[in-house]
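K.L.:
Whatever this is, show me its structure:
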Amino acid sequence: MKKLKFFDKILWLINRILAVLLLLSFILPFLPPKTFSVLSVLSLGVALLILANVLFFLYWLIKLKKQFILSLVVLAIGYFSFGSLYKFSSSKNIAANGNFKVMNYNVRLFNLYKWIPEDSIETKIEDLIKTEAPDILSLQEYHPHQNVDLSFFKYKFEKLSGKKTKYGQAIFSNFPIINSGSVEFPNTSNNAIFVDVVMPTDTVRVYNVHLESMRINTKVESLKKENSERLFKRIGTTFKMQQFQSELFLMHKNQCKYKMIVCGDFNNTAFSYVYRKIKGDLNDTFKKAGNGFGRTYDFKFFPVRIDFIFADDAFAVNGFKAYNEHYSDHYPIMSTLNLTP
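P.N.:
Just a heads-up that it's a prediction; the model follows:
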């Protein structure tokens, strides 16, 4: 192999930096943000680092340069540690007796303040839910909108706050709800709610978790105006709050003896500390039966997955769908589960 030309030397330097950053990011899920708040911000860019290293790998491979080995090794470490960023078409779309569907959706107040400049967004969300017909629906940033009727669900539990505009989290169910409650997070409108539902074969606990938002404006012009030091500090502070909130949630979760489903908007990625802690021994249903990037948030630079549905081993994961309907700054996801006796 010939020596590198000047341009390739520059690329090789950049490649080494990004490979080291990606390698460093693999330990982030094990570092509590309270101790490593600035470093934890790197977890937001893991998807971009993976894509960059894939491109470098392909570039050096096409040029028959041994430099391709660096990105290949780092990507392999990431794959065996966390799985693939992109899932190719899953074989799981199993129709079976006892299947039921769980949808999670941050509906952003049903577009109450016209963030999306279109009419009847709230009606489109309602129609989507009706068409997809989940048996359990977990909503974040829920608002009892006068134009939204979800009474086709037999049971519901909502936890709302706010003086003029009521908003919060809600769970709708076609299975009877026999118990419900909220895990309160101090100094925020975010929280985690839960319901215990009676299914044909067992009683199941369903959680709806909404962790603190980073409040990042995704428009390029706004990001350019943002002071980088202030931005990093704000995100680091948010990650500390998310860790505290996840600890409160886990204290509650660990007292539950029922089989469990955990839905929610974590405002953080699958490469984060809070994802690893909340997931625990549960199965990420996207990883079990999803395909593609599984994007759940409208971020313009690369696909971001910050909304999740977890289920414990008692549930067979027979399907997963990530939607493309742009009615919120989040996209809905739905899992098909089966609880065998």
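K.L.:
The nearest residue to Ser213 once chain neighbours are set aside: what secondary structure?
P.N.:
Of all residues not flanking Ser213 in the chain, Asn267 sits nearest, at 5.0 Å (C-beta to C-beta, 6 or more residues apart in numbering). From N, CA and C alone the C-beta is placed, and that goes for glycine too. Asn267 falls in the coil class when you classify it by DSSP: H, G, I helix; E, B strand; the rest coil.
K.L.:
Asn267: neighbour count?
P.N.:
Neighbour count of Asn267, defined by other C-beta atoms under 10 Å: 25.
K.L.:
can you check Ser246 too?
P.N.:
26.
K.L.:
for it, phi and psi?
P.N.:
Dihedral pair for Ser246: phi -70, psi -30, per degrees, to the nearest 10.
K.L.:
Touching, it and Ile278? I think so.
P.N.:
Yes: in this structure, Ser246 is within contact of Ile278 by C-beta atoms under 8 Å, at 5.6 Å.
K.L.:
those helices in the chain, which residues are they?
P.N.:
6-25, 37-40, 46-62, 68-82, 121-132, 220-225, 228-253, 273-279, 285-289 (DSSP state H).
K.L.:
In TSV, list those helices along with mean pLDDT.
P.N.:
Conversion of the helices of the chain to TSV gives the following (pLDDT from 0 to 100):
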stretch	mean pLDDT
helix 6-25	94
helix 37-40	75
helix 46-62	94
helix 68-82	90
helix 121-132	98
helix 220-225	50
helix 228-253	90
helix 273-279	97
helix 285-289	95
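K.L.:
and those, which is most packed in?
P.N.:
helix 285-289 (a mean of 23; mean count of other C-beta atoms under 10 Å).
K.L.:
Provide a list of residues in contact with Glu213.
P.N.:
Actually, residue 213 is Ser rather than Glu. 190, 238, 267 (C-beta atoms under 8 Å, 6 or more residues apart in numbering).
K.L.:
Settle this for me: the first one is touching Gln242, isn't it.
P.N.:
No: taking contacts as C-beta under 8 Å, Asn190 lies outside contact range of Gln242: 9.2 Å.
K.L.:
what sits in contact with each of those two?
P.N.:
With C-beta under 8 Å, 6+ apart as the test, Asn190 and Gln242 both reach 211-212.
K.L.:
Am I right that Ala96 is in contact with Asn338?
P.N.:
Yes: contact criterion C-beta under 8 Å: Ala96 and Asn338 qualify, at 5.5 Å.
K.L.:
Could you tell me which residues touch both of the two?
P.N.:
With C-beta under 8 Å, 6+ apart as the test, Ala96 and Asn338 both reach 316, 318.
K.L.:
Those two: who's more crowded?
P.N.:
Asn338 (18 against 10).
K.L.:
what sits against the more buried one?
P.N.:
94, 96, 98-100, 315-316, 318.
K.L.:
quick one: which of the residues you listed is nearest Lys163?
P.N.:
Phe100 (37.0 Å; C-beta to C-beta).
K.L.:
you'd agree the closest one is up against Ala133?
P.N.:
No: Phe100 is not in contact with Ala133 according to C-beta under 8 Å; the separation is 10.4 Å.
K.L.:
Same drill for these two, tell me which one is more crowded.
P.N.:
Phe100 (20 against 12).
K.L.:
How about the more buried one, nearest residue that isn't a chain neighbour?
P.N.:
In space, Phe100 is closest to Asp135, 4.2 Å off (C-beta to C-beta, 6+ apart).
K.L.:
neighbours around that neighbour, how many?
P.N.:
By other C-beta under 10 Å, 18 other residues sit near Asp135.
K.L.:
shouldn't it be in contact with Asn174?
P.N.:
Yes: in this structure, Asp135 is within contact of Asn174 by C-beta under 8 Å, at 4.8 Å.
K.L.:
Read off the pLDDT value for the closest residue to Leu44 other than its chain neighbours.
P.N.:
Closest residue to Leu44 apart from its sequence neighbours, by C-beta to C-beta, 6+ apart: Thr269 at 6.4 Å. pLDDT for Thr269: 93.
K.L.:
Number of residues surrounding Thr269?
P.N.:
20.
K.L.:
so how far is Phe82 from it?
P.N.:
As defined by C-beta to C-beta, to the nearest Å, Thr269 lies at a distance of 10 Å from Phe82.
K.L.:
Perfect, that will be all.
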